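Engineer: After the sequence you'll find the predicted model.
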Amino acid sequence: IEGKFEEKKIEKRKTHARSKSQSVNLKKEEIKLKKNIEQPPKSPETSTEGLPTYKKKKRLRNAFIPTLTDVDDRPDRKLEFTLRVTRLLLQELNFSDKDVKKILNGISEKTPQADFLQNLVLAEPSRGLWQLFRFELTAFTTNQMKLEKIVKCQSVVRRWLVRRPFKGLSKSYINKISERNVVFSEILEDEKKYLRDLNLIIQHYINPIRKLVTDKKQQVMSQQEMARIFANVEDIYDLHKEHLFNLEKLAEKWPFVDQVSRAFEKLVPKLDAYGIYVQNFKSANDHLLKLEKEEKFRKFIAEIPKVEEILDLPTLLAVPLNYISKYPEGLAKLDDKTPVNLEDSGNLTNVSSVLEKICAFIQHNMSQSQNIAHIVGIQQRIVGHEGPLALLQPNRLYIRQGPLLEVAKEKKHAFHKRDFILFSDLCVITKVTNKGLFKWKGAIELKDGDVKDAPDAGKDLKFCFEIVTSNGISYKFSAKSQQEKLGWIADIGEALDKRYQLKTFGRSIDQLLQREDPSDPDRIPSFVRKCTEYLSKNSLEIEGIFRISPDALLVRESRQRIDMGESFEEESQRCDSHVIAALTKQFFRELPEPLVPFDAYENWVNVSKASDDVPHLWKCVSDLIDQLPIHNRALMKHHIRFLHAVSERSQKNKMPSLNLSIVFGPSLIRPREESIERSLDIPHINKIVQIMIENGD
């Protein structure tokens, strides 16, 4: 050790010598070093008692420990020097490489004893340093050995505690629980991330802006403007904070995490806060765009720390709109991995269906809010209309807008550049001004009208189509391309009453039966009868029938062809069973009024809420079925019998009565007006439909 360190120091000083006197001094030190090595100073023998017995140790010599004279005061350099010296000392004591590594790792962890060892190594050399170092090293390594034994003991106990609950369980059951815990962990992490995003809005935007509200000079926005932009974000944060607390409490029962459905049942009634947020979102974005033009607001935004996790404000405000839609998918995955002996088995499915309904309600409100805002925005830009203009009407939907050439009637090959605005029942013809406004040029009522292809009207007037009103007035337009022309024809055709008369989906039962054969004894829509016959013949044993969703594009194209008047027989040759099943679900979902009329909704739900006694409940439901309108009753009985036949094959198709009730319950029984409060009735609705299916014979 002495030779290695002193030789390295001397070699280094030789290379940096700048004068003859330095070389002379170095030679003297080299001669002195050789004498010390040949005749080491005598010292009493030291004992190795107390050192770890990894290997038999040599007796220690009172060696000379060099000081750190050529290293600066940086802690990392001192630690590096300490580790190097300690390694050489341990090798001198015949410690194994494995044990040396353990001791050096312990010194690197900066424990109080490790700091003392470092101070010894860096101290000035003195007699007895070996003995002192040996004593401290012995205490240090003994302590490390004790800690290692304690950690091993803790590890064994912890492993036993984890494995004890699984004793006697099958391997497949353990694997299912493990997979379920992975899904639960994902739900928990998503909730934490969502809460962090909401907290970013509050900490970096709402709180700083609120502090500046009273200071008119530094005020970024007023209290009213804050309410318009941020709405009830803080309320949403509070309810999800409580929900996260409930989930983390369940996680303490690891690995058997149960009663997740209860945590979500507590959350569902509070989700009406999202209704307020969604309705406010469109106006919040519009107001935010106006504020971005103001200097104070831009300066405030620029001062927010540029950290990767802090997203821009519009992106953060959009996060709540999409988060709730993750819940049904996550709970469905959790339910799929849930063993039947846990409380969550079955309950998660009900909670998931409630959340799906809430998501649909939120999305509907969102699209409705955007539709209203769009129509109002267009109306505000229209000029030149005689008298008051009221574009905003109940059930009127904005469809599309774009430039078209209107073929002039008075002169051949002449045309006018127009901007065409299409609504669900009206076409507005305008001309765009230099200021970006719409100058009113007229409107076309689509009720009882028609749209059709038309020949080219000239060299510059290709890709033409024609709109004919109920009064016989014709309007001819030219599009930019064949694709754009077909798009306009399809969109206008969807809005025309003539096309509506052929539709199967979205029509009432009475309207559909008017097209049926009056001599038919069943008096149910032929489309439903043909679907159930097809599925009964080909699909009762297909796994996941009514649950597995087919390609959405195939379903949409098939539906369009049926609405255009194509026969079911022709369509069934193109489609597989899952498409027919999806069309059946859409038919009942889109009935203007469900099989249980809106006025009877409360009676049906209250019956379910009043009793859990199945025989009594079935008797009450039977009485309610008899009170249905005659056509509704016939269709209800026909469909329930079919679902009963499907449930009888549940061992193969995996669709028992519970699963079928979840699929069809909210379509057969639904309120006149959807709301988050009404979504809480879904478990009761599903219970009624399940009892009907089980007694369908």
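Structural biologist: Perfect, I can see it now. Not measured: the values here are computed from a predicted model.

Engineer: so which strand or helix has the residue nearest to residue 286 when sequence neighbours are not counted?
Structural biologist: Distances taken as Cβ to Cβ, 6 or more residues apart in numbering put residue 373 closest to residue 286, at 7.3 Å, once the chain neighbours are dropped. C-beta coordinates here come from the backbone N, C-alpha and C atoms, glycine included. Following DSSP states H and E, one finds residue 373 within helix 344-381.

Engineer: which secondary structure elements does that helix contact?
Structural biologist: Other helices and strands packing on helix 344-381, by 3 or more Cβ pairs under 8 Å, 6 or more residues apart in numbering; DSSP states H and E, are helix 260-267, helix 273-291, helix 326-336, strand 398-407, helix 657-668, helix 676-679, helix 682-694.

Engineer: Residue 316 is nearest to which of these?
Structural biologist: helix 273-291 (11.1 Å; Cβ to Cβ).

Engineer: contacts for the closest one?
Structural biologist: Residues from elsewhere that reach helix 273-291 (Cβ atoms under 8 Å, 6 or more residues apart in numbering): 221, 225, 228-233, 235-236, 239, 297, 313-314, 317-318, 320-321, 324, 358, 361-362, 365-366, 369-370, 373, 675-676.

Engineer: please redo it, this time with the cut-off set to 7 Å
Structural biologist: Helix 273-291 is contacted from outside by 221, 225, 228-229, 231-232, 235-236, 239, 297, 313-314, 317, 320-321, 324, 362, 365-366, 369-370, 373, 676, using Cβ atoms under 7 Å, 6 or more residues apart in numbering.

Engineer: Neighbours of the residue nearest to residue 365 when sequence neighbours are not counted, how many?
Structural biologist: Of all residues not flanking residue 365 in the chain, residue 278 sits nearest, at 4.8 Å (Cβ to Cβ, 6+ apart). Residues lying near residue 278 (other Cβ atoms under 10 Å) number 23.

Engineer: Show me where this structure has its strands.
Structural biologist: 382-383, 398-407, 415-423, 426-432, 438-445, 450-453, 464-468, 474-478 (DSSP state E).

Engineer: out of the ones you listed, which comes closest to residue 150?
Structural biologist: Across the strands of the chain, residue 150 has its closest neighbour in strand 398-407 (70.9 Å, Cβ to Cβ).

Engineer: Does that closest one pack against any helices or strands, and if so which?
Structural biologist: Where contact means 3 or more Cβ pairs under 7 Å, 6 or more residues apart in numbering; DSSP states H and E, strand 398-407 is packed against helix 344-381, strand 415-423, strand 474-478, helix 482-495.

Engineer: what do you get if the cut-off is 10 Å, keeping everything else the same?
Structural biologist: In terms of contacts (3 or more Cβ pairs under 10 Å, 6 or more residues apart in numbering; DSSP states H and E), strand 398-407 is packed against helix 344-381, strand 415-423, strand 426-432, strand 438-445, strand 464-468, strand 474-478, helix 482-495.

Engineer: Of all the ones you listed, which one comes closest to residue 660?
Structural biologist: Checking these against residue 660 by Cβ to Cβ gives helix 344-381 as the closest, at 11.5 Å.

Engineer: Let's test this: mean pLDDT of that closest one, rounded?
Structural biologist: Mean pLDDT, computed over helix 344-381, is 79.

Engineer: Can you list the buried residues in it?
Structural biologist: Residues 344, 347-359, 361-362, 365-366, 369, 371, 373, 375, 378 are the ones in helix 344-381 that count as buried (16 or more other Cβ atoms under 10 Å).

Engineer: relative to helix 273-291, how tilted is it?
Structural biologist: Here helix 344-381 points in a direction 30 degrees away from that of helix 273-291 (axes from the mean of the first three to the mean of the last three Cα atoms, to 10 degrees).

Engineer: what's the spacing between helix 344-381 and its chain's center?
Structural biologist: Chain-centre distance of helix 344-381: 16 Å, with Cα atoms, centre = their mean, to the nearest Å.

Engineer: Just want the angle from it to strand 426-432.
Structural biologist: 50 degrees.

Engineer: By average pLDDT, which secondary structure element in this structure comes out worst?
Structural biologist: Counting by mean pLDDT, DSSP states H and E, the chain has its least confident helix or strand at helix 497-500, which shows a mean of 50.

Engineer: quick one on the thing from earlier: output the helices and strands packed on strand 398-407 in a markdown table; the columns should cover distance to residue 646.
Structural biologist: What follows is the helices and strands packed on strand 398-407, written out as a markdown table (distance: least, Cβ to Cβ, whole Å):
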| stretch | distance to residue 646 |
| --- | --- |
| helix 344-381 | 17 |
| strand 415-423 | 41 |
| strand 426-432 | 44 |
| strand 438-445 | 46 |
| strand 464-468 | 45 |
| strand 474-478 | 49 |
| helix 482-495 | 33 |
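
Engineer: that older thread, from the contacts of helix 273-291, which would you call buried?
Structural biologist: Buried members of the contacts of helix 273-291, scored by 16+ other Cβ under 10 Å, are 221, 225, 228-229, 231-232, 236, 239, 297, 313, 317, 320, 324, 362, 365-366, 369, 373, 676.

Engineer: Residues touching stretch 210-226, excluding its own?
Structural biologist: By Cβ atoms under 10 Å, 6 or more residues apart in numbering, the residues outside stretch 210-226 that reach it are 202, 205-206, 208-209, 227-230, 284, 287-288, 290-291, 294, 296-301.

Engineer: repeat that with 6 Å
Structural biologist: With contact meaning Cβ atoms under 6 Å, 6 or more residues apart in numbering, stretch 210-226 is reached by 209, 296-297, 300.

Engineer: Likewise for stretch 183-196?
Structural biologist: Against stretch 183-196 from outside (Cβ under 6 Å, 6+ apart): 240, 244, 247, 257, 323, 330, 333-334, 337.

Engineer: repeat that for 8 Å
Structural biologist: With Cβ under 8 Å, 6+ apart as the test, stretch 183-196 has contacts from 237, 240-241, 243-244, 247-248, 250-251, 257, 260, 309, 319, 323, 326, 330-331, 333-334, 337.

Engineer: Can you list the buried residues in that stretch?
Structural biologist: For stretch 183-196, a neighbour-count test (16+ other Cβ under 10 Å) marks 183-184, 187-188, 191, 194-195 as buried.

Engineer: Out of those, which two sit at the greatest distance?
Structural biologist: Farthest pair in the buried residues of stretch 183-196 (Cβ to Cβ) is 183 and 195. Separation: 19.1 Å.
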